[in-house]
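*Asks:* I would like the atomic coordinates for the input below:
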Amino acid sequence: MITFLLRRAFYLILTLFAVSIGIFAMSEIAPGNIAINSLGNTITPAQEASFNAQNGLDQPAVTRYIRWMIGSDWRAAGLIGYPVRQIYEADLNRWSWWGALPDGTLFQNYTDDGENMIRVERLADGSTRDVPLGPEVWKTDAEGFPVFWGVDREGRAAMWVRGDDNEAWTLGKSTWRSSKGAPRAYIPLQKGLLRGDPGVSFFTRRPVAETLVPRLMNTLLLAGIAFVVVMPLALALGMLAGLNEGRFLDRLLSISSLVATATPEFASGVFLILIFSTWLKWLPGAVVVTSDTAIFERPQMLVLPIITLTLIELGYVLRITRASMVEVMRTNYIRTATLKGLPQWRIVTKHALRNALMAPITVIILHVNWLIGGIVVVETLFGFPGLGRYVMEAALFKDVFAIEAATMVLVVIAVGTQLVADLIYTYINPRIRYT
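*Replies:* Numbering: from 1, shown residues only. As a prediction, this is how the structure comes out:
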């Protein structure tokens, strides 16, 4: 078993690596312009070029993939000559990057004239002071230009060229601002996906992890409740239908499950909203999240989304379980147990149940992935702030870091659930042994 787990862990790493390349490649070739989506279609070519340079979008794809996976802080530290650190500025409610001097002082840099560099040092109370730097900070690069590497006031590693009148455009709260003597090259700073920092969202301008994790927790809550409700119920009803093959109960459950499965979730969801929210006014028809605890304060908001998910999943798992139970009950060893005079309940629980659960377990594990990432219709219909809706919004905006991070989370869940399924198989069927 240990060998099997180690082998599966190795394959898991290879799968994630291959998928990460595929996800990155698809996000590269997908249509859409990040600069226009972020800043509007009235930007000039100069403003678009400045935006792409500041966010590293003009760099080679390999460089951007490496930055996404393992970060860029280590590379920036080598160029700047000092380590870089990410801190949370409570007064501004944001994370920002700073260089760190040997004594622990945090700093950023800027220049107004392209000749004299200024170091902005962060004091213990959060205030800053400007410290002029001498001409010795300029270093000659391989091409013979005097350059200076530092951290600009937006928290990016940047390279200034002495005397350069390069112009940069930044979008303020309402207007564009241009500045002379701007850096000629940038390295957006991030720790990388492997260290929990997949980048900054172009849509919210917040770290992706800050917005992705709450959405994931919401979806796990909704999917978890739906799973706990639907799976035991579907298995029980499926076995009941299989044990009563051809009878009225079997036909009733089979037809009902077929209708539930064939009805799209957007249709059943609208139908439930009309009945229980509009007509009867028993339940809210939308999930309105005004705070982090809103869902727990008003759990009735989850009732209709859960019922909608239950109707879709219940019918499918029920029919698979029924078919598996019918097949098992027709086998020779079940007939032998019946001829021996064993009680029906013992035949079902001791001999038929485990074998009948093999096929439903596969379906259930596959539907865990659907519950986590494929409920975008339900989340959109009820306004639920979950992962599926998050992926859809990020894809429409072409928010590449959000798309890539969310997709990797879904892949980890998919591969992890398959590992769990393999372990469950060993318990249900003792003939299966992994070496």
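*Asks:* Buried residues of the longest helix that the chain contains, list them for me.
*Replies:* Counting residues, the longest helix found in the chain (DSSP state H) is helix 208-243. Buried residues in helix 208-243, counted by 16 or more other Cβ atoms under 10 Å: 208-209, 211-212, 214-216, 218-220, 222-223, 225-227, 229-231, 234-235, 237-243. For glycine as for every other residue, the C-beta is placed from the backbone atoms N, C-alpha and C.
*Asks:* which residues of the stretch 101-250 of the chain score low on pLDDT?
*Replies:* Confidence mapping of the stretch 101-250 of the chain against pLDDT under 70 gives the ranges 170-180.
*Asks:* All the helices of it, in order from the start?
*Replies:* 208-243, 248-262 (DSSP state H, counting those that start in this stretch).
*Asks:* Turn those into TSV, columns for distance to residue 336.
*Replies:* Below are the helices of the stretch 101-250 of the chain laid out as TSV (distance: least, Cβ to Cβ, whole Å):
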stretch	distance to residue 336
helix 208-243	18
helix 248-262	24
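*Asks:* nearest to residue 9, of those helices?
*Replies:* Distance to residue 9, taken as Cβ to Cβ, is lowest for helix 208-243 among the helices of the stretch 101-250 of the chain, at 22.2 Å.
*Asks:* Could you list the buried residues of the helix or strand containing residue 10?
*Replies:* Element membership for residue 10, per DSSP states H and E: helix 2-29. By neighbour count on 16+ other Cβ under 10 Å, the buried set for helix 2-29 is 8, 12, 15, 19, 20, 23, 24, 27.
*Asks:* any idea which of the residues you listed is least confident?
*Replies:* Confidence by pLDDT is poorest for residue 8 among those, given 74.
*Asks:* if I look at that residue, how far off is residue 97?
*Replies:* Distance, residue 8 to residue 97, using Cβ to Cβ, to the nearest Å: 38 Å.
*Asks:* what do you get for residue 420?
*Replies:* According to Cβ to Cβ, residue 420 and residue 97 sit 38 Å apart.
*Asks:* So if I had to pick from the two, which one is more boxed in?
*Replies:* Higher neighbour count among residue 420 and residue 97: residue 97, with 21 against 12, using other Cβ atoms under 10 Å.
*Asks:* Please identify the helix or strand for the more buried one.
*Replies:* Residue 97 belongs to strand 94-100 when assigned by DSSP H and E.
*Asks:* partners of that strand in the sheet?
*Replies:* Under the criterion DSSP bridges, strand 94-100 sits next to strand 84-89 (antiparallel), strand 106-110 (antiparallel) in its sheet.
*Asks:* Of these, flag the one that's most buried.
*Replies:* strand 106-110 (a mean of 20; mean count of other Cβ atoms under 10 Å).
*Asks:* just the strands in the chain please.
*Replies:* For the chain, the strands defined by DSSP state E occupy 84-89, 94-100, 106-110, 118-122, 128-132, 139-140, 146-151, 156-161, 168-171, 176-179, 185-188.
*Asks:* Residue 310: which of those strands is closest?
*Replies:* Using Cβ to Cβ, the nearest of the strands of the chain to residue 310 is strand 94-100, at 39.7 Å.
*Asks:* angle of the closest one against strand 156-161?
*Replies:* Relative orientation of strand 94-100 and strand 156-161, computed by axes from the mean of the first three to the mean of the last three Cα atoms, to 10 degrees: 50 degrees.
*Asks:* Okay, buried residues for strand 94-100 please.
*Replies:* For strand 94-100, the neighbour count (16+ other Cβ under 10 Å) marks 95, 96, 97, 98, 99, 100 as buried.
*Asks:* CA atoms only for it, dumped as PDB, please.
*Replies:* What follows is strand 94-100, C-alpha atoms only, in PDB (Å, rounded to 0.1, in the frame of the first residue of the first chain):
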ATOM      1  CA  ARG A  94      -3.300  45.900   0.700                       C
ATOM      2  CA  TRP A  95      -0.200  43.800   0.400                       C
ATOM      3  CA  SER A  96       2.900  45.500  -1.000                       C
ATOM      4  CA  TRP A  97       6.500  44.600  -1.800                       C
ATOM      5  CA  TRP A  98       9.600  46.300  -0.400                       C
ATOM      6  CA  GLY A  99      13.300  45.800  -0.500                       C
ATOM      7  CA  ALA A 100      15.000  45.000   2.800                       C
END
